[in-house]
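*Asks:* Everything below, folded, please.
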Amino acid sequence: MRNNTIFYVFFLLFADAVPASAVQDLTELSLEDLMKIEITTVSRQASTVGQSPAAVFVITQEMIRRSGASAIPELFRMVPGMNVARVDTNKWAISARGFNDRFANKLLVQIDGRTVYNVINSGVRWDTIDYPLSDIERIEVIRGPGASVWGANAVNGVINIITKSATDTKGGLVTLGGGNEDRDFGTLRYGASAGERTDYRVYVKGFDRDKSSGLAPGPFDAWSGGSSGFRIDTHPSEADLVTLQGDYNHSDAQRIDFRGQPVAPFTYTNEEREISDGVNLLGRWTKDLDDTSRWSLQAYWDHIYRRGSGELLIYTTDIFDVDFQHELLMAERHNIVWGLGYRFTHADLTDSRFDGFILDWDEQDRDLNMPSAFLQDQIALADAWSLTLGTKLEHNDLTGFEAQPTARLLFTPGEKQSAWAAVSRAVRTPTLFEDQRTVTQAPNGTVFQRIISNPDLKSEEVVAYELGYRAQPANSLSVDTAIFYNVYDDLKVFVTQETTTEGAPAGTSFRIDTHENRMSGETYGIEISLNWTPVAWWKLYSAYSFLKMTLHADGSLPSSTRISSERAERQSPQQQVFLKSSWDLPGNVEFDVTTRFVDRLLGFQQPVDDYIATDLRLAWLANDRLTFEVVGQNVLEDHHLEVGGSILAGPLHEIERSVYGKVTYKW
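*Replies:* I've put the predicted structure just below:
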């Protein structure tokens, strides 16, 4: 309360001292403009936030710039319905509408249409996603299924990170900074024209982050890395746009956990470095046929080589993906988009140390094929009504044929309000970890948990029901609300098959577990966000989300499995609140205060208390080229937990208070 009072008094002092005309336009969008931001993730066609029949949130470049975030995952904290929990310095658990975990498997993430979902053990390894924040145009976040156009694993949401075109990044930019946690970081980017119709940019960036705070035996999670890349945009004609882009990423992330070994004392503390090198290359050709029709052809190659210095997990993946889509307007009422795709994945897998005792693959070379097709029709009905019908059809080598349809109804009685309803089906397909590997966990006493693969595992399924409403009742106020009810089936759980001494080290035994589709469940909730501009130089944003999960393990399963399902219900917070206040002060000074409340969790090792975290950002825009910033993160306390441990039961890591300074120069 004392902190809130200080801020309130401070801004009362400035309330009469800063006329709206005295504040420079810092490229912030008005509330009306926010409703008109162009998005493409909902339907693969250009639309706006206000005209989208989905729970969509757009993180603009201005929001990114004023967030104070130094890593992409931190940006998603502002999105209602998203749960972002930092595991340690280099790992995050990120999900939408529940089921949060480090390897959250119901959220699809893309960068410029390139999928970064991990086929080995699901989710996203966020330590391999490093891109200059200043070169991101916007991030479109869809809560709820997006599988009807994007396919499997877009169960509870889709994140689409869209980078700026080379045309919009001409000139140079250099950023340098450092602090107590983000010890040092820097970015260098340069863009220019190569002829009348072609623009390009190149960049390099690097960082070094300190380890976190933790309980015995202490943290081992420092992180360093670097990346570089390029983008070329060229217009062979007025109707054609060709893009070629590529990136290289290197990550050196420390980790610590407890592992089993085949000799006494059967458990050891594993400290290792997870080193990742990734290369991707993407090309896209878009052609406008006329005012009512266009097509695009995209292809990319994504290569990842990841290895642990402790030889626990070593793999290489190569993904080749080609995607064609065609948009056309028929009979003035049918806005149709259809497409075909094919994805080929090759995985080269290596057994772990101790002759595969910890991790053993059934096949060390694995190829996966996935052809697909989709069709979506947005039908203009009478007056202000429209109906969108569509489906994605896929065939994968693990579960076979999958159909993922949607129906979405939109009502727009005016430019400043809209209501929508949707029902959708989506699936989460198994990973190679679940399909063909045996993993042995650290023992409980002398009993090892050995998890064996299940090639008969089915896809997890959701049928989602959604309602939403957006309105701008005044020029200074807008509100966006979404409610949902999801029904899940064929969720996976660990099921104990037997306990045996066969093959176990002398004096120990194996408890044999496997994955089975023997859990179902329901979730429901509400997400509300509000933007308010009391005066031109002061903007407020708030978000609230409520989530209730109820999971049902098969009644014939042992009580330990049912307890695990109850624990999964509380891995995501029931309530979250996000508040942000941004002021444009005299002398081209910006001040941003962000406060968030996260409800308590039931962790694997121990509960995580609810917490309130506050970030501060103070920036001086010295001129059009030079900016100085000071950012404080988690300033209210020295450290706090955000994740209560993992299945691997390593030491808990606490997120510390962080302060860093940054200078940006453009030319």
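*Asks:* what's around residue 450, how many residues?
*Replies:* By other Cβ atoms under 10 Å, the residues close to residue 450 number 23. C-beta here means a position set from N, CA and C on the backbone, and glycine is covered the same way.
*Asks:* contacting residues around residue 595?
*Replies:* With Cβ atoms under 8 Å, 6 or more residues apart in numbering as the criterion, the residues that contact residue 595 are 578, 579, 580, 612, 613, 614, 615.
*Asks:* go with 10 Å
*Replies:* For residue 595, the contacting residues are 3-4, 7, 542, 577-581, 612-616, 636, by Cβ atoms under 10 Å, 6 or more residues apart in numbering.
*Asks:* ok, and for the helix or strand containing it, which residues are buried?
*Replies:* With elements delineated by DSSP states H and E, residue 595 resides in strand 589-598, which encompasses its position. Along strand 589-598, these residues count as buried under the neighbour rule (16 or more other Cβ atoms under 10 Å): 590, 591, 592, 593, 594, 595, 596, 598.
*Asks:* how far is that strand from where the chain is centred?
*Replies:* Centroid separation for strand 589-598 versus its chain: 21 Å, with Cα atoms, centre = their mean, to the nearest Å.
*Asks:* same question, stretch 284-299
*Replies:* Using Cα atoms, centre = their mean, the distance between the centre of stretch 284-299 and that of its chain works out at 28 Å.
*Asks:* Quote the end-to-end distance of that stretch.
*Replies:* Using Cα to Cα, to the nearest Å, the gap from the first to the last residue of stretch 284-299 comes to 7 Å.
*Asks:* now do stretch 466-480
*Replies:* Stretch 466-480 has an end-to-end distance of 13 Å (criterion: Cα to Cα).
*Asks:* Please, where are all the strands along the stretch 51-200 of the chain?
*Replies:* Taking DSSP state E, counting those that start in this stretch to define them, one finds strands in the stretch 51-200 of the chain at 55-60, 82-88, 91-96, 107-111, 114-115, 136-143, 157-163, 171-179, 182-193, 198-209.
*Asks:* Turn these into TSV, including mean neighbour count and distance to residue 66.
*Replies:* Converted to TSV, the strands of the stretch 51-200 of the chain look like this (neighbours: other Cβ atoms under 10 Å; distance: least, Cβ to Cβ, whole Å):
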stretch	mean neighbour count	distance to residue 66
strand 55-60	23	10
strand 82-88	25	18
strand 91-96	24	21
strand 107-111	24	22
strand 114-115	20	27
strand 136-143	22	13
strand 157-163	23	18
strand 171-179	17	15
strand 182-193	18	17
strand 198-209	19	20
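*Asks:* tell me how far stretch 133-142 is from the chain's mean position?
*Replies:* The offset between the C-alpha centroid of stretch 133-142 and the centroid of the whole chain comes to 11 Å, using Cα atoms, centre = their mean.
*Asks:* Only C-alpha atoms, please: export that stretch in PDB.
*Replies:* Extracted in PDB, the C-alpha atoms of stretch 133-142 (Å, rounded to 0.1, in the frame of the first residue of the first chain):
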ATOM      1  CA  LEU A 133      13.300  -7.500 -29.800                       C
ATOM      2  CA  SER A 134      13.600  -4.300 -31.700                       C
ATOM      3  CA  ASP A 135      13.100  -6.200 -35.000                       C
ATOM      4  CA  ILE A 136       9.800  -7.900 -34.000                       C
ATOM      5  CA  GLU A 137       6.900  -6.100 -35.700                       C
ATOM      6  CA  ARG A 138       4.200  -7.800 -33.500                       C
ATOM      7  CA  ILE A 139       3.300 -11.000 -31.700                       C
ATOM      8  CA  GLU A 140      -0.100 -12.400 -32.300                       C
ATOM      9  CA  VAL A 141      -1.300 -14.600 -29.400                       C
ATOM     10  CA  ILE A 142      -4.500 -16.700 -29.900                       C
END
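*Asks:* Show me what the helix or strand that residue 465 is a member of is packed against.
*Replies:* For residue 465, the element it lies in under DSSP H and E is strand 460-474. Contacts defined by 3 or more Cβ pairs under 10 Å, 6 or more residues apart in numbering; DSSP states H and E place strand 460-474 against helix 31-35, strand 55-60, strand 136-143, strand 400-414, strand 417-428, strand 477-500, strand 509-535.
*Asks:* Mind checking the pLDDT average for it?
*Replies:* Per-region confidence: strand 460-474 scores 96 on mean pLDDT.
*Asks:* ok, it: who's next to it in the sheet?
*Replies:* Paired neighbours of strand 460-474 in the sheet (DSSP bridges): strand 417-428 (antiparallel), strand 477-500 (antiparallel).
*Asks:* looking at these, which is closest to residue 255?
*Replies:* With Cβ to Cβ as the measure, strand 477-500 is the member of the strands paired with strand 460-474 nearest residue 255 (22.6 Å).
*Asks:* I'd like the distance from the closest one to the chain centre, please.
*Replies:* 17 Å.
*Asks:* List the buried residues in it.
*Replies:* Neighbour-count burial for strand 477-500, counted by 16+ other Cβ under 10 Å, picks out 478-484, 486, 488, 490-495.
*Asks:* Tabulate the helices and strands packed on strand 460-474 in CSV, adding columns for mean pLDDT and distance to residue 280.
*Replies:* Conversion of the helices and strands packed on strand 460-474 to CSV gives the following (pLDDT from 0 to 100; distance: least, Cβ to Cβ, whole Å):
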stretch, mean pLDDT, distance to residue 280
helix 31-35, 63, 31
strand 55-60, 94, 22
strand 136-143, 95, 16
strand 400-414, 95, 26
strand 417-428, 96, 24
strand 477-500, 93, 30
strand 509-535, 94, 30
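*Asks:* ok, then the element right after the strand holding residue 595?
*Replies:* Counting by DSSP H and E, the element that comes right after strand 589-598 along the chain is strand 611-621.
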